[in-house]
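Undergrad: Here's my sequence, what's the structure:
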Amino acid sequence: MKLTSAGATYPYGIDSEDSNIRIAPTACNMEELESALEILVICICLANLRKTNN
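TA: Predicted coordinates for the structure are as follows:
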């Protein structure tokens, strides 16, 4: 799974709230999809923990 950095989809890469990511769809099998979803959930949980601790 590949994620762009926050704000990469904004003009000039400037996202004042550092809040936007883009996940581009690709052709994959079910095992790869399950792995990608696990990674995504972990990233979301980590971001939420960092936000609540600041």
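Undergrad: list the contacts for the residue lying closest to residue 13 once chain neighbours are set aside?
TA: Closest residue in space to residue 13, ignoring its immediate chain neighbours: residue 7 at 5.3 Å, by Cβ to Cβ, 6 or more residues apart in numbering. Yep, even glycine has a C-beta here, placed from its N, CA and C like the rest. Listed by Cβ atoms under 8 Å, 6 or more residues apart in numbering, the contact set of residue 7 reads 13, 14, 15, 18, 19, 20.
Undergrad: May I see those residues arranged in TSV, with neighbour count, pLDDT and distance to residue 35 as well?
TA: Formatted as TSV, those follow (neighbours: other Cβ atoms under 10 Å; pLDDT from 0 to 100; distance: Cβ to Cβ, whole Å):
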residue	neighbour count	pLDDT	distance to residue 35
13	11	79	28
14	8	82	32
15	16	80	27
18	10	73	26
19	10	73	25
20	13	73	23
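Undergrad: tell me which of these is nearest to residue 50?
TA: Comparing the contacts of residue 7 against residue 50 with Cβ to Cβ places residue 18 closest, at 11.2 Å.
Undergrad: How about that closest one, nearest residue that isn't a chain neighbour?
TA: residue 6 (4.7 Å).
Undergrad: Could you look up the SS state of that neighbour?
TA: coil (DSSP: H, G, I helix; E, B strand; the rest coil).
Undergrad: what's around it, how many residues?
TA: 16 (other Cβ atoms under 10 Å).
Undergrad: cool, and residue 50?
TA: Around residue 50 there are 9 residues (other Cβ under 10 Å).
Undergrad: Residue 51 too?
TA: Burial of residue 51 is recorded as 8 neighbouring residues (other Cβ under 10 Å).
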